[in-house]
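# My questions concern the predicted model and sequence given below.
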Amino acid sequence: VSLGAALDGKRICVCAGPGGVGKTTIAAAVATGLAARGTRVAVVTIDPARRLADALGVGPLSNDPQRVPGASGELWALALDAKQTFDAVIERLAPDAPTRDAILANRIYRELSTAVGGSQEFAAVAKLHELATSERFDIVVLDTPPSRNALDFLDAPHRLAPLLQSRAMRVLAAPTGVMAAGAGFALGGLRRLTGVELLEDLAELLGALSDLADGLADQAVAVERLLADEATAFLLVASPERMSVAEALRFSERLEAAGGGVSALVVNRVLVRATDRERLGAAELAPGLDGDERLAELALRALGELRAVADRHARGIEALTGAVGAPALLVPDLERPVADVGALGDVTRHLFAGEAERARLLDASAF
Amino acid sequence: MIDGRSLLVVTGKGGVGKTTVTAALALALAREGRRPLVVEVSGKDDVARLLGGPGTHGAYAERAIADRVRHLSIDPDHALREYLDAHLPFGGLLEHTRLARLLFAATPGLGELLTIGKVWELARGAGRDCVLLDAPATGHAIALLTAPRTFAAAARGGPVAEQAAGIRRFLGDRRRTGVLAVSTAEELPVNETLQLRGALDAAGVALAGVFVNAVYPRRFTARQVDVLAAAPATAASRAGRFHATRARQHAAGVRRLRGAVGSVTAVRTLPYVFDADDVARDLAGRVTR
């Protein structure tokens, strides 16, 4: 198992997994490793804090790719801004300035493009499409947004397409015939529930968007094709803790159902179980600890606790590899947070080093 | 933290142990003689399965998952259907039209509003039997809690806006509603907890307490840490160093949290559970003490 081999020839690498497992860090480490191997890489992160920028050793990231100066090879990074990404799509597809302005100024558009629910998923796939089709990069690494449901972003094009392909928007713009009757019923219901003003805003937005409908629908289809492409790899990032394993297994099932399947599995922040466990007692340890037998006992207690966790992690990893059907690349719990270039380099080594070197690194951190 | 509140909303960054803490809280409340109703959204049933019950398998009915603990899973589509049936003639029919579904889906915050509306309905009638909402991670939880306000501002008339105002009053009443943030002592979860505090302040919703989960106990004195650092690298000395480093990082995280919110909000630490098969039951004795 090697990440380099799993990602060889891929154009897109999607880092998916439950919240809080370190997807952003892993995405950055994967991008760093790929750049060092000589590919031109763009990494898209959903990092609201400056943490990734710090880890990469660059200033604040923006919605456009920025070259990472210290990186070996050609590495570009950006932090996804949902609203700017949407605005760019509208600007590109709008047939004229008045349509564009009407959409950008619409109250519902503004709320939709900044709301948490769903907007980041749409923006992430839109950005992915933009970068992947730009020819500026050999591979785009995507850190996925925290979703309410596993892999919401995979569904983003699906959810968008029917809305755009339905005649709803055209009907709203110019209601006629049978569709208009249905629309009247639906709109009447919505009006009774929500009041008139909201409805007018919505009708205005959908009316204006109908001029972009074909372009948006084409893009949704193109994105869907991109995600299903052979050249797209899905990296499942998981934590070895029990609750997270259960969630990761659901991710894996969803990916399988979506026809993608997991290209590689990364288990992050593992307490590694030593293959050969040291069995020294307090009396043997004390001489190395200023003769302090009490301290030796405390250290042994700590060791016992970490080993219990390592055993639990080993069971979690076993469950993951069994279900995913791929061996796991383990990144040990590195004791210190990955907040600088050096620490990120450690993670990259655990992912990209040769098999023997990776085993040696893991062993050095095992308990 | 809990007092006599009838709605407790548990949220936090992904991976901090939100669901485990919710389950522990439910067990603790049941031990105190209350009958908590655990509510999960987006069709989830993690708490139910954690406590050993079978999953809900898409059923949206209240049921017992432990002694004196009930559970309900809410799904936005289901909430919408229920709402339309209750408030509109032919409402159920409306939900079946594709256009209506598209329009509802395109209306910002409507799904969140219907979900929190359902929770509000349950909590309003809960009395002593409080509702424990295992809310989504921070960002989505904020969207859920601010949906009534967002919506009341957007739709100035109609029953939804009226109801939104009622929900908003309930959520803003600190005697009845409180948010419990779950964090760990690590940098990113602490940051997110502080962001949550800011967002709740802006929304006028009370942050009733913060649970700092999975905190490493402090076992070593500064002198012992120095001795460990200079010791030959055995598994035991490395374990001691790892343990001590983690405990020090965690103590700093807890200090940072307490410094930022501790004067107005209770901050309670929960220990990292090194070896227990049932973490929720293990923590139940500690969450309300």
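Now that the structure is in, tell me what you want to look at.
# now the helix or strand harbouring residue A:205, how far from the centre of its chain.
Using DSSP states H and E, residue A:205 falls within helix A:196-210. Computed by Cα atoms, centre = their mean, to the nearest Å, the separation of helix A:196-210 from the middle of its chain amounts to 32 Å.
# Against which helices or strands is that helix packed?
helix A:97-105, helix A:107-114, helix A:168-173, helix A:177-194, helix B:98-106, helix B:138-154 (3 or more Cβ pairs under 8 Å, 6 or more residues apart in numbering or on different chains; DSSP states H and E). The way it works is simple: take the backbone N, C-alpha and C, and place the C-beta from them, glycine included.
# worst average pLDDT in those?
Mean pLDDT is lowest for helix A:168-173 among the helices and strands packed on helix A:196-210, at a mean of 53.
# pretty sure residue A:114 is in contact with residue A:85, am I right?
No: applying Cβ atoms under 8 Å as the test, residue A:114 and residue A:85 come out as separate, 11.4 Å apart.
# So for those two, which sits in the more crowded spot?
residue A:85 (22 against 14; other Cβ atoms under 10 Å in any protein chain shown).
# Tell me, what's the model's pLDDT at the more buried one?
pLDDT, residue A:85: 90.
# Ignoring the adjacent residues along the chain, who's closest to it?
Spatial nearest neighbour of residue A:85, excluding adjacent residues (Cβ to Cβ, 6 or more residues apart in numbering or on different chains): residue A:123 at 4.2 Å.
# Need phi/psi at that neighbour.
Here is the backbone geometry of residue A:123 (degrees, to the nearest 10): phi -60, psi -40.
# And for it, the neighbour number?
26.
# just residue A:89 next, same as before
Residue A:89: 21 neighbours (other Cβ under 10 Å).
# list the contacts for it?
Contact analysis of residue A:89 by Cβ atoms under 8 Å, 6 or more residues apart in numbering or on different chains lists A:126, A:216, A:219.
# Flag every buried residue along whichever strand or helix holds it.
Counting by DSSP H and E, the element that carries residue A:89 is helix A:82-93. Within helix A:82-93, the residues that qualify as buried by neighbour count (16 or more other Cβ atoms under 10 Å in any protein chain shown) are A:82, A:83, A:85, A:86, A:87, A:88, A:89, A:90, A:93.
# can you check stretch A:318-338 too?
For stretch A:318-338, by 16+ other Cβ under 10 Å, it's A:319, A:320, A:323, A:324, A:326, A:328, A:329, A:330, A:331, A:332, A:333, A:338.
# Closest to residue B:159 out of those?
residue A:323 (46.4 Å; Cβ to Cβ).
# Tell me the pLDDT of that closest one.
As predicted, residue A:323 sits at a pLDDT of 88.
# what about it, which SS state?
At residue A:323 the chain is in helix, as set by DSSP: H, G, I helix; E, B strand; the rest coil.
# And for chain A, the residue most distant from the center?
What lies farthest from the middle of chain A is residue A:291; by Cα atoms, centre = their mean that is 49.8 Å.
# Helix, strand or coil: sort out that residue for me.
Quick answer, by three-state DSSP: residue A:291 is coil.
# Show me where chain B dips below the pLDDT cut-off.
B:53-59, B:88-108, B:128, B:154-157, B:289 (pLDDT under 70).
# Looking at it, what residue ends up closest to chain A?
residue B:14 (1.7 Å; Cβ to the nearest Cβ).
# Got phi/psi on that residue?
Torsion angles, degrees, to the nearest 10, at residue B:14: phi -60, psi 140.
# Do I have it right that it meets residue B:137?
Yes: with contact defined as Cβ under 8 Å, residue B:14 reaches residue B:137; the gap is 4.7 Å.
# What sits closest to residue B:172 if chain neighbours are left out?
Closest residue to residue B:172 apart from its sequence neighbours, by Cβ to Cβ, 6+ apart: residue B:204 at 4.5 Å.
# Those residues of the stretch 201-350 of chain A touching chain B, which are they?
Neighbours of chain B within the stretch 201-350 of chain A, by Cβ under 8 Å from any Cβ of the partner chain: A:201-202, A:206, A:239, A:241, A:243-244, A:246, A:274, A:277-278, A:280, A:285, A:288-290, A:292, A:295-296, A:298-303, A:305-309, A:312, A:335-337, A:339.
# Can you tell me which of the residues you listed are buried?
For those, buried by 16+ other Cβ under 10 Å: A:201-202, A:206, A:239, A:241, A:243-244, A:246, A:280, A:285, A:288-289, A:292, A:295-296, A:298-303, A:305-309, A:312, A:339.
# Looks to me like residue B:5 is in a helix.
No: going by three-state DSSP, the assignment for residue B:5 is coil, not a helix.
# Neighbours of it, how many?
21.
# For the residue lying closest to it once chain neighbours are set aside, give me the backbone phi and psi.
Leaving aside its sequence neighbours, residue B:5 sits nearest to residue B:178 (Cβ to Cβ, 6+ apart; 4.9 Å). Main-chain dihedrals, residue B:178, degrees, to the nearest 10: phi -140, psi 140.
# Tell me what residue B:178 is bridged to.
residue B:8 (DSSP bridges).
# Please look at it and residue B:6 and confirm they touch.
No: using Cβ under 8 Å as the test, residue B:178 is too far from residue B:6 to be in contact (9.7 Å).
# out of the two, which sits in the more crowded spot?
Between residue B:178 and residue B:6, counting by other Cβ under 10 Å, residue B:178 is the more crowded of the two (25 against 21).
# how about that one, what does it touch?
Taking Cβ under 8 Å, 6+ apart, one finds B:1, B:2, B:3, B:5, B:7, B:8, B:9, B:206, B:207, B:208, B:209 in contact with residue B:178.
# Is stretch B:257-267 positioned near chain A?
No: on the criterion Cβ under 8 Å from any Cβ, stretch B:257-267 is out of touch with chain A, staying 15.5 Å away.
# Would you mark the buried spots in stretch A:63-83?
Of the residues in stretch A:63-83, A:63, A:65-66, A:68, A:71, A:73-83 count as buried by neighbour count, 16+ other Cβ under 10 Å.
# from these, which single one is nearest residue B:114?
For those, the nearest to residue B:114 is residue A:82 (23.0 Å; Cβ to Cβ).
# Roughly how far does the closest one sit from chain B?
To chain B, residue A:82 is 12 Å away according to Cβ to the nearest Cβ, to the nearest Å.
# residues in contact with residue A:56?
So residue A:56 contacts A:28, A:32, A:68, A:70, A:71, A:75, A:77, A:341, A:344 (Cβ under 8 Å, 6+ apart).
# part of a strand, is residue B:34?
No: counting by three-state DSSP, one finds residue B:34 to be coil, located in no strand.
# per-residue pLDDT, residue A:199?
Looking at residue A:199, the pLDDT reads 67.
# surely residue A:31 meets residue A:41?
Yes: using Cβ under 8 Å, residue A:31 is in contact with residue A:41, at 4.8 Å.
# list residues touching both of these two?
A:75, A:141.
# Neighbour count for those two, which is higher?
In this view residue A:31 and residue A:41 are compared by other Cβ under 10 Å, and residue A:31 has more residues nearby, 32 against 27.
# Quick check: closest non-adjacent residue to that one.
residue A:43 (3.6 Å).
# Now do the strands in chain B.
B:7-12, B:37-40, B:63-66, B:69-73, B:131-134, B:177-184, B:207-215, B:266-271 (DSSP state E).
# Can I get those strands in JSON lines including distance to residue A:7?
Output for those, formatted as JSON lines (distance: least, Cβ to Cβ, whole Å):
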{"stretch": "strand B:7-12", "distance to residue A:7": "33"}
{"stretch": "strand B:37-40", "distance to residue A:7": "36"}
{"stretch": "strand B:63-66", "distance to residue A:7": "43"}
{"stretch": "strand B:69-73", "distance to residue A:7": "38"}
{"stretch": "strand B:131-134", "distance to residue A:7": "36"}
{"stretch": "strand B:177-184", "distance to residue A:7": "31"}
{"stretch": "strand B:207-215", "distance to residue A:7": "32"}
{"stretch": "strand B:266-271", "distance to residue A:7": "39"}
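# wait, which of those strands is closest to residue B:242?
That would be strand B:207-215 among the strands of chain B, by Cβ to Cβ, at 14.8 Å.
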